[in-house]
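> what's the 3D shape of this:
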Amino acid sequence: MPLICGPFPQPHTLERFSSTNFRLPEDGNRPSDVFGAYNGGGSPEPELWRHSFEPLRAPLLKRISEQGNETIARESLISYSFILKYMGDCVSHPQQFYLEYTDYIFTPALKYEILRDEIYCQLIKQLTDNPNPLSERTWLGINLALYWTFPSI
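Sure, this is the predicted structure:
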């Protein structure tokens, strides 16, 4: 006897998750980012839920921005910059072994619990629509994230 299934629920995607949990992308009209530096000519920020070679201008999760703690926001952006280097999406020192970046990625999440979900979102962002379908480093990064800490959501 065949198994009869009802309608399938929508798949869980970072795009769907981002619609309720991520901040809005910046339109490029703001003169500075969270560090107070010029953001690069007013170009709009790419979709936050998919792979990008660009650094983030602010944390992905709304609740980090709403908390207003600049130290935590800065730690989030530093972690993402090391995720880009770890994955090879950003130029880094040629002598640096990519696994050396993991301390810089995960230590803030151990220090600030609110950053755990942010780091997971940043890693999944870099997997989503990644032009390199065999991006093993990101899968290894998620594996390492599960070793270091668990997401709260």
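> Need the residue closest to the centroid of the protein.
Most central in the chain under Cα atoms, centre = their mean is Gln122, positioned 1.3 Å from the mean C-alpha point.
> Remind me which helix or strand that one belongs to.
With the criterion set as DSSP states H and E, the secondary-structure element containing Gln122 is helix 115-127.
> And the next helix or strand past that helix?
Sequence order places helix 136-148 as the next helix or strand after helix 115-127, per DSSP H and E.
> just to revisit the earlier point, separation between the residue nearest to the centre of the chain and Phe82?
From Gln122 across to Phe82, the span is 10 Å (Cβ to Cβ, to the nearest Å). For the C-beta atoms, the positions are set from N, CA and C on the backbone; glycine is no exception.
> Repeat that for Asn143.
Applying Cβ to Cβ, one obtains 17 Å for the distance of Asn143 from Phe82.
> Residue ranges in the chain under the pLDDT threshold?
Per-residue confidence of the chain (counting by pLDDT under 70) places the weak regions at 1-6, 8, 27-43, 92-96, 133-134, 153.
> need the longest helix for it.
Longest among the helix segments of the chain by residue count, using DSSP state H, is helix 70-87.
> now the next helix-or-strand element following that one against helix 136-148, angle please.
Once the chain leaves helix 70-87, the next helix or strand it forms, by DSSP H and E, is helix 102-111. Here the directions of helix 102-111 and helix 136-148 differ by 40 degrees (axes from the mean of the first three to the mean of the last three Cα atoms, to 10 degrees).
> which secondary structure elements does helix 102-111 contact?
Helices and strands touching helix 102-111, by 3 or more Cβ pairs under 8 Å, 6 or more residues apart in numbering; DSSP states H and E, are helix 70-87, helix 115-127, helix 136-148.
> Please point out which parts of stretch 100-113 sit buried.
Taking 16 or more other Cβ atoms under 10 Å as the neighbour-count basis, stretch 100-113 is seen to contain the buried residues Tyr101, Thr102, Tyr104, Ile105, Phe106, Thr107, Pro108, Ala109, Tyr112.
> and which of those residues is nearest to Pro9?
The shortest separation between Pro9 and any of the buried residues of stretch 100-113 is 29.7 Å, and it belongs to Ala109 (by Cβ to Cβ).
> so what's the closest one up against?
Taking Cβ atoms under 8 Å, 6 or more residues apart in numbering as the criterion, Ala109 is in contact with Ser79, Leu115, Arg116, Glu118, Ile119, Ala145, Trp148, Thr149.
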